[in-house]
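**Q** Need coordinates for the following:
(chains A and B)
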Amino acid sequence: MSAPTLAARPRPWADGSAAATRVLLKLRHDPAGIALTLAAPVVLVLAFGYVFGSAIALPAAGDYREFLVPGLFATIAFNVVPPMITMARDSGRGVVDRFRSMPITRVAVPFGQAAATAVYGVVCLLLMAVCGLVVGWRIRTGLGPALGALGLLVAFQFAATWIGMHLGLLIGKEETAAQLSVLVFPVGMLSNVFVPTTGMPAWLRTIADWNPLSALTAAVRELCGNPVAPTNGAWPLEHPVLASLLWTALLLAVFVPLTTIRYARPR
Amino acid sequence: MVAAVVAEGLVRRYGPVPALDGLDLTIERGGVCALLGPNGAGKTTAIRVLATLTVPDAGRATVLGHDVVREAGLVRRSIGLAGQHAAVDDDLTGRENLRILGRMHHLGRRGAARRADELLERFELADAADRLVKTWSGGMRRRLDLIASVVVAPPVLFLDEPTTGLDPRSRTAIWATVGELVTAGSTVLLTTQYLEEADRLADDVVVIDGGRVVATGSPDALKASIGVRVEVVVAARSDLAGAAAALASWTGIEPEVDEIGLRVRLVVVGANVALPEVVRRLDAAGVTALDVGVRRPTLDEVFLSLTGNTRAAEGRAA
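**A** Alright, predicted model coming up:
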């Protein structure tokens, strides 16, 4: 048997696509994983849409569930947990070390994984949209703005994946990452996803208004023509689409370098 | 010919504790070299430095002449690594695991598929190849991990405790695999806590303790270095003195006398001690021996004597 020899030239695209394939193959073996990812937002639709929602009055006219569903899209896009756990597991089990000892373009691996996670995110968002339609959410604008909303969500999710991967590398242990994942939920609560921020104490309202999740949620509501929350004069909520794009760019500008350096650096 | 691995004065500290404390190492090409040492001796850190995963605080190291820090990219083109964990994807099949690594090694989609089939067939994992790895046994996973490190044949292969925690059968299978890789021309540096493993596989053994090399040599040379153990059991207490005197006058070493067990023991270094000769000497001295043992040391004893000595030396220094 003549064994192939080691490659001479770097080929980032091949490395990235192999890393993406790795993530997508795993998902194909585990369709239940998609169901689990969707389980939380669906439970939230039921809990907030029908239980708490019955006692929540929107400041302006509009259906609460139609107000809620765009927020759940945003929480799916902000779901840093799966990439965090995947990266922590790879790091803890020596998979990252194996890749790092190979002559591959190092940046390509996290890029490939982030791209694959974005593909997965589109599937989750579309399934969530179907759930939304069932409970009364509607697109009241048109195809263009709706696709714009989808684009914003996917771009934001791509950026959020880098936060997840960075955290996963920092944590380095699957079990710890899983335990920390419950802390993600409060981030969703500190926003306009479930209720308008108007009623919150001023200091909390400032945090919530500047939460990237709030801008993204407001952007999706605006683009789909759903009921919006009052902006309280906060800049990100006055210009939600622009703010979402800026948040996405900022997160990428911070976490892509951090993650790739952390991934490649010898320890 | 340039050596497979050279390390000079490698130092790596984790906090105040040095994992490597001036490690010097030269491994020629071809064959298996075992890095032997107790837990915490610095074996894994040494492998990590050589595999470009950790940067040393001081000293330098080369793999096939390439510096592991300055020419890390070149080093990575020359090495394969199987770490302490089975670094394979549980959520993929064995075949998919190998195909993805093949693609990362730029074999192309079809080349990677062909290579995966070839490896699975050759290392007898073909039957399980299309099952998810999480359904595999621990031994099979470790073998897959080992094979994953040779998807492209690396001239130098690092294996960090390849058989720790495996049952004897899986261990034998791993040994056979390592043997095949060496036949195919790889130089293998493996770490182990198992003396038997070093004895079976290694052409050379490097004993490390406290982040430093304490002995180097072939397993046989290391055994010879701590000598042959002679033990005589006598019938009566009155024979002890005679036996001890006979052995002392012959070897020039004062034996240790165990009054309760009625035994006389000594260790002879650097001389050839044969059982019949011992018996003849005792006879000549008129000693009735119930049992005479002449035993070459096991690698375990070599190991304990070597690593025990450095511990004791450190104790004195402290």
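**Q** If I look at the one residue sitting closest to the centre of chain B, what pLDDT would I see?
**A** Centroid check for chain B by C-alpha atoms, centre = their mean gives residue B:34 as the closest residue, at 3.3 Å. Residue B:34 carries a pLDDT value of 94.
**Q** Name the next helix or strand downstream of whichever strand or helix holds it, please.
**A** Here residue B:34 is covered by strand B:31-36, with elements defined by DSSP states H and E. For strand B:31-36, the following helix or strand on the C-terminal side (DSSP H and E) is helix B:43-50.
**Q** packing partners for that next one?
**A** Contacts defined by 3 or more C-beta pairs under 8 Å, 6 or more residues apart in numbering or on different chains; DSSP states H and E place helix B:43-50 against strand B:5-14, strand B:17-27, strand B:31-36, strand B:58-63, strand B:156-160, strand B:187-192. Bear in mind the C-beta positions are built from the backbone N, C-alpha and C, glycine included.
**Q** What strand or helix carries the residue in the stretch 151-267 of chain A positioned nearest to chain B?
**A** Residue nearest to chain B within the stretch 151-267 of chain A (C-beta to the nearest C-beta): residue A:266, separated by 4.6 Å. Under DSSP H and E, no helix or strand contains residue A:266.
**Q** Quick one: residues contacting it.
**A** By C-beta atoms under 8 Å, 6 or more residues apart in numbering or on different chains, the contact list for residue A:266 reads A:100, B:52, B:53, B:54, B:55, B:72.
**Q** Grab the nearest non-local neighbour of it.
**A** Nearest-residue entry for residue A:266: residue B:55, 4.6 Å, with adjacent residues in sequence omitted and distances by C-beta to C-beta, 6 or more residues apart in numbering or on different chains.
**Q** Checking the one you found next. Helix, strand or coil?
**A** Under the three-state scheme (DSSP: H, G, I helix; E, B strand; the rest coil), residue B:55 adopts coil.
**Q** OK, contacts around it?
**A** Shown in contact with residue B:55 (C-beta under 8 Å, 6+ apart): A:266, B:49, B:69.
**Q** Arrange those in TSV, one row each, with distance to residue B:245 and pLDDT as further columns.
**A** As requested, the contacts of residue B:55 are exported to TSV (distance: C-beta to C-beta, whole Å; pLDDT from 0 to 100):
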residue	distance to residue B:245	pLDDT
A:266	62	73
B:49	54	96
B:69	61	94
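**Q** Closest one to residue A:123 out of those, please.
**A** Proximity of the contacts of residue B:55 to residue A:123 (C-beta to C-beta) peaks at residue A:266, which lies at 36.3 Å.
**Q** quick revisit: I'd like the contacts of residue A:266 as a markdown table, with distance to residue A:144 appended.
**A** Listed next are the contacts of residue A:266 as a markdown table, based on distance: C-beta to C-beta, whole Å:
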| residue | distance to residue A:144 |
| --- | --- |
| A:100 | 44 |
| B:52 | 50 |
| B:53 | 49 |
| B:54 | 52 |
| B:55 | 52 |
| B:72 | 49 |
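**Q** Show the buried residues in those.
**A** Among these, those classed as buried by 16 or more other C-beta atoms under 10 Å in any protein chain shown are A:100, B:52, B:53, B:54, B:72.
**Q** Touching, the first one and residue B:48? I think so.
**A** No - in this structure, residue A:100 sits apart from residue B:48 without contact. The criterion is C-beta atoms under 8 Å, and the distance is 10.1 Å.
**Q** and the helix or strand harbouring residue A:252, what does it pack onto?
**A** Per DSSP H and E: residue A:252 is located in helix A:240-264. When contacts are defined as 3+ C-beta pairs under 8 Å, 6+ apart, helix A:240-264 packs onto helix A:95-100, helix A:108-135, helix A:143-171, helix A:212-224, helix A:235-238.
**Q** now that helix against helix A:143-171, angle please.
**A** If you take axes from the mean of the first three to the mean of the last three C-alpha atoms, to 10 degrees, helix A:240-264 sits at 30 degrees to helix A:143-171.
**Q** tell me the mean pLDDT over helix A:240-264?
**A** Taken as a whole, helix A:240-264 has a mean pLDDT of 95.
**Q** If you compare the directions of it and helix A:108-135, what angle comes out?
**A** Angular relation of helix A:240-264 and helix A:108-135 on a 0 to 180 degree scale: 140 degrees, by the same axes, to 10 degrees.
**Q** residues of helix A:240-264 that come out buried?
**A** Neighbour-count burial for helix A:240-264 flags A:240-241, A:243-245, A:247-248, A:251-252, A:255-256, A:258-260, A:262-263 (criterion: 16+ other C-beta under 10 Å).
**Q** now swap in stretch B:281-293 and tell me
**A** For stretch B:281-293, the neighbour count (16+ other C-beta under 10 Å) marks B:281, B:282, B:285, B:287, B:289, B:292 as buried.
**Q** Now flag whichever of those is closest to residue A:176.
**A** Nearest to residue A:176, judged by C-beta to C-beta, of these is residue B:292 at 59.5 Å.
**Q** Now the closest one. Its backbone dihedrals?
**A** Dihedral angles phi and psi of residue B:292 (degrees, to the nearest 10) take the values phi -130, psi 130.
**Q** Output the set of residues of the stretch 101-250 of chain A in proximity to chain B.
**A** A:101, A:102, A:103, A:104 (C-beta under 8 Å from any C-beta of the partner chain).
**Q** Of these, just say which sits nearest to residue A:25.
**A** Nearest to residue A:25 among those, with distances taken as C-beta to C-beta, is residue A:104, at 17.7 Å.
**Q** Which residue is the nearest non-sequential neighbour of the closest one?
**A** Nearest non-adjacent residue to residue A:104 (C-beta to C-beta, 6+ apart): residue A:15, at 4.4 Å.
**Q** Report the residue spans of chain A with pLDDT below the cut-off.
**A** Counting by pLDDT under 70, chain A contains low-confidence ranges at A:1-8.
**Q** Tally up the residues packed near the closest residue to chain A within the stretch 151-300 of chain B, please.
**A** The minimum distance from the stretch 151-300 of chain B to chain A, using C-beta to the nearest C-beta, falls at residue B:153 (3.4 Å). Residue B:153 has 17 neighbours, counted by other C-beta atoms under 10 Å in any protein chain shown.
**Q** which SS class is it?
**A** Secondary structure for residue B:153, judged by three-state DSSP, is coil.
**Q** Check whether it really touches residue B:183, as I assumed.
**A** No - using C-beta under 8 Å, residue B:153 makes no contact with residue B:183, being 11.5 Å away.
**Q** Spit out the residues that contact the two alike.
**A** Residues touching both residue B:153 and residue B:183 (C-beta under 8 Å, 6+ apart): there are none.
**Q** just to revisit the earlier point, give me whichever of the helices and strands packed on helix A:240-264 is most buried.
**A** Of all these, helix A:212-224 has the most neighbours on average by mean count of other C-beta atoms under 10 Å in any protein chain shown, namely a mean of 27.
**Q** contacting residues around stretch A:134-143?
**A** By C-beta under 8 Å, 6+ apart, stretch A:134-143 touches A:45, A:49, A:63, A:65-66, A:69-70, A:129, A:145-146, A:223-226.
**Q** Show me which residues of the stretch 101-250 of chain B are close to chain A?
**A** B:101, B:103-107, B:111, B:115, B:118, B:122, B:132, B:148-154, B:184.
**Q** redo that, cut-off 6 Å
**A** When proximity is defined by C-beta under 6 Å from any C-beta of the partner chain, the stretch 101-250 of chain B lies next to chain A at B:103, B:104, B:105, B:106, B:107, B:152, B:153.
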